[in-house]
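Student: Requesting a structural model of the entry that follows:
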Amino acid sequence: MQTSKAQFNSDEPAVPAKPKSARRRARELTIQGLYQWLLSKNDFSSIISFLEEDEDFAKADEKYLHRLLEGILSGHLALQETLETYIDRSLNELSPIEYSALLMGLYEMIHCIDVPYKVIVNEAVEVTKVFGGVDGYKYINGVLDKMAPKIRQHEKVTP
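Tutor: Got it, this is the predicted structure:
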């Protein structure tokens, strides 16, 4: 199979990446904070102190980051219990990134009613693509799509 020279022309400028929104950055930091919590069991203030050192912290929606991280950490037992009804394996079998993304997505579906479920699913998938394994985002997408019709009954959820 031959490839054309145009496909690999290094003289063409790369398409610049679309700047990340402040909420996307908040979600990425939330995943990093949850990852730290899962591995170290550090408390909220220790995790926030660590995250404040990240170069992207100033670009994040700090209020939303606090809302997500505090809400997930304080309600993690109830979130875990709900999550277990939607997954096909034990929580211990999930990677820390998958687990974190599912906790975040579930928390947002339940508590962030102002955010459409499609945005929640998309954001969890995109963050998992950044931090997770090769196909982890597919699992996140499937589980959150399964949750949405039951949790977001007030929205028109299309399977």
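
Student: Can you get me the start-to-end distance on stretch 106-117?
Tutor: Taking CA to CA, to the nearest Å, the span from the opening residue of stretch 106-117 to its closing residue is 10 Å.

Student: Give me the buried stretch members for that stretch, please.
Tutor: Burial within stretch 106-117, assessed by neighbour count using 16 or more other CB atoms under 10 Å, is assigned to 106-110, 112, 117. Yep, even glycine has a C-beta here, placed from its N, CA and C like the rest.

Student: Those residues: which two are farthest apart?
Tutor: Checked with CB to CB, the buried residues of stretch 106-117 reach their widest spread between Tyr107 and Tyr117, with 12.7 Å between them.

Student: which neighbours do these two share?
Tutor: Taking CB atoms under 8 Å, 6 or more residues apart in numbering as the contact definition, Tyr107 and Tyr117 share no neighbouring residue.

Student: ok, so of the buried residues of stretch 106-117, who is nearest Ser45?
Tutor: Nearest to Ser45, judged by CB to CB, of the buried residues of stretch 106-117 is Tyr107 at 19.1 Å.

Student: Turn the buried residues of stretch 106-117 into JSON lines, including pLDDT.
Tutor: Putting the buried residues of stretch 106-117 into JSON lines (pLDDT from 0 to 100) gives the following:
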{"residue": "Leu106", "pLDDT": "98"}
{"residue": "Tyr107", "pLDDT": "98"}
{"residue": "Glu108", "pLDDT": "98"}
{"residue": "Met109", "pLDDT": "97"}
{"residue": "Ile110", "pLDDT": "96"}
{"residue": "Cys112", "pLDDT": "96"}
{"residue": "Tyr117", "pLDDT": "94"}
